[in-house]
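S.K.: Need coordinates for the below:
(2 chains)
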Amino acid sequence: MPDINVMQILINFLSLSAFYGLFAVGLALVFGVMKVVNFAHGEFFMMGGYALWLLLALMPGVPLWLVFAGALVIGPLVVAVMGIVVEKAIFEPTSRDAFGGFIASLGLSYVLQALVVMAFGVVSKSLPVMIPGQIQILGGTLTWQRLVVILCGVVMMAALWYFLARTRAGRAVRAASQDRNAALLQGINLRRVRMMTMAIGVAMAGLSGVLMASVINVSPYMGLEAIWKAFIVVIVGGLGSIPGAIVAAMLFGLIDSIVTTIGYGQYVIIIDTVIMLGVLTFFPRGLLGREAPPLDQGQVQRDQFMDGRVCVGLRLALVTGFVAALVALPLMASQYYTGIGILFLINLILVISYRTITTMGGWSFAHITMLAIGGYTTALLQTRLGLSFWAILPLSGIVAMGVALLIAFPVMGTRQFYFFLSTFAAGEAIRQCFIQFRGTFGGIEGIPFLSPPEDLFGLSFYDPVNYYFLALAVCIVSGALLWVFDRSRTGRTIKAMSENENLSAAVGINGLALKMLAFCVGSFFAGCAGSLFAAYNGFVAPTDFTAQFMFKIIAAVIIGGTRTFWGPVIGLVVLTVIEEALTGANQLVPLFWGLIIIFTVLFIPSGLEGLGRRILRRLTAGKPAPATYQGGNDASRA
Amino acid sequence: MLRVHELTRRFGRLTALDAVSFEVAEATIHGLIGPNGSGKTTFFNLATGFLAPNGGRVFWEGGDITGLPPHAISRLGIARTFQNTSNFANLTLRENLVMAARNRVRTGALARMLHLRPARDEEAEHGRIAEAILERFGMAGLADTVAADLPGGTQKILGVAIALATAPRLLMLDEPLAGLNPAEKVQLMEILRGIREEGLTLLLIEHDMKAIMQACDRITVLSYGTLLAEGTPAEISRDPATIKAYLGTEAA
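M.R.: As a prediction, the model looks like this:
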């Protein structure tokens, strides 16, 4: 155990807290007024970093501190303008459907990343130290750079406090964040307040981006890495609570400072997540979160797209055609396309099981983590215990289900956004476990040399065509089970429960148990898919289970629509076709996916499946379908 | 039957319910009245597990049910409605009532998850119960209508039908008459009296004094979170404290 330098811990604590505070308070502020978690908050942070990098490149010869000072002003301003554009283009149109806005911001985050990759390249840029030098205080080292971070944090917090507490505009912001309708009745211009809030919120992200740019390298994915911390901070603080975000920023500043200073920096993500789950167990709305919303939920909106079934014959024909195409593929296509087909089938299991989770009203960000758990279970059971693949396949699902249950306990009492954000954090922590615990999971290289399944009925699974049919069989069995589950009384109860949780509780429906059930069932099949994935690849490595993979699953479900079983299937087909069409221009893939997500949320909220159903109905019945979309009641979903 | 003892709930510095004790007797219609903000709905939320009390206990048929989750309390035979209209908006009326028949389910979880024959048969049976209940509320012709398409008053009555579908022994109704037209009010009170005749117990929050005075066997009056008076309608209408706190303001 090294000497613990208390002064160093204190200095690190101050600078980390200032950074976390700046970054997370902006997110909390935006959530408070707009009731939307802005997933692209991290990308605005990244933009701040690139602003500094660009200024440096444009002004060679100018003293570094001057460029830095300029960037501290210009960066946040540019980002604020972008924030206003995003508010007008995305959040304003989706203001009646907070979850739609959130998903659109998820798409936006990938669009921004892809644009930056195309403009400036994937490679991360390392910047010179802006203000070199350091001083020693009581044995602790304080670099000037860090001092600037601390000062900026303090000044911004003070300015924000003054703005919110002492100015008319600030009071309007607070009023709007407490009660939108009451604020409207008081004659507050909600649009202006929203624009102002968005500008301030993202400007804070931009400012922290400028500040941190030379500390951590500037890269297109720095936002995605940083947003994780902001999520943890706002969850623990209580979504939308600014004092909560500050308290939580200081809490995690202290914890991270201690952990890093005594030399366990690599475990920070895991430790923070465990703390977050612990806090959620006892404070489901965060430390300083507001009281639960009123018990009597407003009336649930009529779902315009619910009625109208495509006739049985046509549906049967479409399904038969789809399955026939899947069967025919390896017999007709090249080996390359058989490989694509296997991955497609694994993704198919993932999207179908993911939809089962979404029916309970919570969107998980840990589905790919469940795939990873299934994969690692397969790898460990095969290499350590030498079990047969046929035994491992269901076991992988069961282990994934067990982990889902562990995560679910603290998280299930929470609602929509908390669930998404905490599964996001938990998923990242589990991925970190795979990376950090090298002895068990093989670190970043993962576990290599896995063998394919043992022969069955004389079929060797070294042959990709046979493996394809194995995947197809698993896929059809999983799909059939999930289809039955969807139609079963339990499945329908889950959907009704997510529509009106209070009434469900009042009629004796155990909502918590049903949510856990949906999460566990979905995770079970993701675990099984992980087993297929690992055995096909012949290895498992943490680099395969990325946020981008998760994004693909979410994108498929959004684009296809969640209302029926077939929506995600259609969405996945579309995504896969786009992906294959763009072979050779891989950077474009996330851009297209992101744009399609935003487009879907804004213009076809029922997804392609809903659109197709309406068109088919119009063709067959000749009756105009209802065209107006009445957004969901976001108060009941947030 | 339902008995609360010293039930207390605070919201910050506001004491919404302050050490309230009373009992609801079996097979009666019990009225809970009081000015707005007197703690009636808070009482409902405490008794049905939607809120946890800061002090005091709730007893159901002698057993302590304080702190049980809402669904567990529903399983014991206490049904409630909400002040707002509350239903599964995108389901038909029959589906709404079948969904509410959760307490009647006897088949195993696996059978229900896999949609096996016993579960399907049971659900069909619950569909017939649902139709019988709808018939009783004069909504038999609406069984296949989606709930959200109903007018407000009918949705309000649907709320009562949903509560009844849970096979309760105590029916707690939060302002069931609010938002109904006079004819619907008379019809609903008629149905409620019929339900009481079958041995069910009812606890009503209601502002319609005429209906309360006609229908209730006993009335409890709350004011600013405290129990002001309790007795028969005749006693309550003569009670000076009640007249001062409640009827006085209404007469003014």
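S.K.: Only C-alpha atoms from now on, for both contacts and neighbour counts.
M.R.: OK.
S.K.: Domain parsing of chain B, as residue ranges.
M.R.: B:1-77+B:168-252, B:89-162 (automatic domain parsing).
S.K.: three-state assignment of residue A:403?
M.R.: helix (DSSP: H, G, I helix; E, B strand; the rest coil).
S.K.: Would you pull up the residue in chain A closest to chain B?
M.R.: At 3.9 Å from chain B, residue A:508 is the closest residue in chain A, using Cα to the nearest Cα.
S.K.: average model confidence for stretch B:196-212?
M.R.: Regarding stretch B:196-212, the rounded mean pLDDT is 90.
S.K.: is it anywhere near chain A?
M.R.: No. Residues of stretch B:196-212 contacting chain A under Cα under 8 Å from any Cα of the partner chain: none, with a closest distance of 15.1 Å.
S.K.: gap between the two ends of that stretch?
M.R.: Terminal residues of stretch B:196-212 lie 14 Å apart, using Cα to Cα, to the nearest Å.
S.K.: Just the residues contacting it, thanks.
M.R.: Stretch B:196-212 has contacts (Cα atoms under 8 Å, 6 or more residues apart in numbering or on different chains) with B:24-34, B:40-41, B:168-178, B:189, B:233.
S.K.: ok, which stretches of chain B are strands?
M.R.: Listed in chain order, the strands of chain B (DSSP state E) span B:2-11, B:14-24, B:29-33, B:55-60, B:63-64, B:78-80, B:170-174, B:201-205, B:218-223, B:226-231.
S.K.: could you list every residue that touches the residue of chain A closest to chain B?
M.R.: Contacts here follow Cα under 8 Å, 6+ apart; on that basis residue A:508 touches B:70, B:71, B:72, B:73, B:74, B:75, B:100, B:102, B:103, B:166.
S.K.: so the last one touches residue B:103, yeah?
M.R.: Yes. Contact status for residue B:166 versus residue B:103: in contact at 5.7 Å, counting by Cα atoms under 8 Å.
S.K.: Neighbour count for the two, which is higher?
M.R.: A direct count of neighbours by other Cα atoms under 10 Å in any protein chain shown for residue B:166 and residue B:103 places residue B:166 higher, at 26 against 20.
S.K.: Which SSE is immediately downstream of the helix or strand hosting residue A:345?
M.R.: If you go by DSSP states H and E, residue A:345 is part of helix A:335-358. Using DSSP H and E, the next helix or strand after helix A:335-358 towards the C-terminus is helix A:367-380.
S.K.: I'd like to know which elements that following helix is packed against.
M.R.: helix A:389-411, helix A:416-436, helix A:511-537, helix A:547-560 (3 or more Cα pairs under 8 Å, 6 or more residues apart in numbering or on different chains; DSSP states H and E).
S.K.: which bits of the stretch 451-600 of chain A sit near chain B?
M.R.: A:481, A:484-485, A:487-491, A:493, A:496, A:499-500, A:503-510.
S.K.: taking those one by one, which sit in helices?
M.R.: A:481, A:484-485, A:487, A:489-491, A:493, A:496, A:499, A:503-506 (DSSP state H).
S.K.: which bits of the stretch 1-150 of chain B sit near chain A?
M.R.: Residues of the stretch 1-150 of chain B lying near chain A (Cα under 8 Å from any Cα): B:48, B:50, B:70-75, B:79-90, B:99-103, B:112-115, B:119, B:123, B:148-149.
S.K.: Would you mind checking those for buried ones?
M.R.: B:48, B:50, B:70-75, B:79-90, B:99-103, B:112-115, B:119, B:123, B:148 (16 or more other Cα atoms under 10 Å in any protein chain shown).
S.K.: Could you pick out the longest helix of chain A?
M.R.: Secondary structure of chain A read by DSSP H shows that its longest helix is helix A:6-34.
S.K.: Moving along the chain from that helix, name the first helix or strand you hit.
M.R.: For helix A:6-34, the succeeding helix or strand toward the C-terminus, using DSSP H and E, is helix A:41-58.
S.K.: what's that next one packed up against?
M.R.: helix A:64-86, helix A:98-120, helix A:190-213, helix A:222-237.
S.K.: could you dump those helices to a markdown table with distance to residue A:554, mean neighbour count and mean pLDDT?
M.R.: Formatted as a markdown table, these follow (distance: least, Cα to Cα, whole Å; neighbours: other Cα atoms under 10 Å in any protein chain shown; pLDDT from 0 to 100):
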| stretch | distance to residue A:554 | mean neighbour count | mean pLDDT |
| --- | --- | --- | --- |
| helix A:64-86 | 21 | 20 | 92 |
| helix A:98-120 | 9 | 22 | 89 |
| helix A:190-213 | 24 | 26 | 91 |
| helix A:222-237 | 16 | 25 | 88 |
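S.K.: Return the nearest residue of chain B with respect to chain A.
M.R.: Nearest residue of chain B to chain A, counting by Cα to the nearest Cα: residue B:71, 3.9 Å away.
S.K.: so that residue makes contact with residue A:512?
M.R.: No. Using Cα under 8 Å, residue B:71 makes no contact with residue A:512, being 9.9 Å away.
S.K.: What is the burial count for the closest residue to residue A:538 other than its chain neighbours?
M.R.: In space, residue A:538 comes closest to residue A:450 once its chain neighbours are excluded; the distance is 4.4 Å by Cα to Cα, 6 or more residues apart in numbering or on different chains. For residue A:450, the tally of surrounding residues (other Cα under 10 Å) stands at 18.
S.K.: tell me the contacts of residue A:142?
M.R.: With Cα under 8 Å, 6+ apart, residue A:142 has these contacts: A:11, A:134, A:135, A:136.
S.K.: weakest of the domains of chain B by average pLDDT?
M.R.: The bottom spot among the domains of chain B, by mean pLDDT, belongs to domain B:1-77+B:168-252, with a mean of 89.
S.K.: Give me the residue ranges of the stretch 201-350 of chain A where confidence is low.
M.R.: Along the stretch 201-350 of chain A, segments meeting pLDDT under 70 span A:290-310.
S.K.: mind redoing it with 80?
M.R.: Low-confidence segments of the stretch 201-350 of chain A (pLDDT under 80): A:240, A:284-285, A:289-312.
S.K.: I'd like to check which residues are in contact with residue A:560.
M.R.: Residues near residue A:560 by Cα under 8 Å, 6+ apart: A:566, A:567, A:568, A:569, A:570, A:571, A:572, A:606, A:607, A:608, A:609, A:610.
S.K.: Among those, which ones are in helices?
M.R.: Here DSSP H is the test, and the contacts of residue A:560 give A:567, A:568, A:569, A:570, A:571, A:572, A:607, A:608, A:609, A:610 as lying in helices.
S.K.: The last one is in contact with residue A:561, isn't it?
M.R.: Looking back up the chat, that one is residue A:610. Yes. At 6.7 Å, residue A:610 and residue A:561 qualify as touching, with contact defined as Cα under 8 Å.
S.K.: Looking at those two, which is more packed in?
M.R.: Neighbour count, other Cα under 10 Å: between residue A:610 and residue A:561, residue A:561 has more, with 27 against 23.
S.K.: For residue A:568, see how far away the more buried one is.
M.R.: Residue A:561 is 6 Å from residue A:568, by Cα to Cα.
S.K.: what does the stretch 1-150 of chain A put close to chain B?
M.R.: Counting by Cα under 8 Å from any Cα, no residue of the stretch 1-150 of chain A is near chain B.
S.K.: This completes my enquiry, with thanks.
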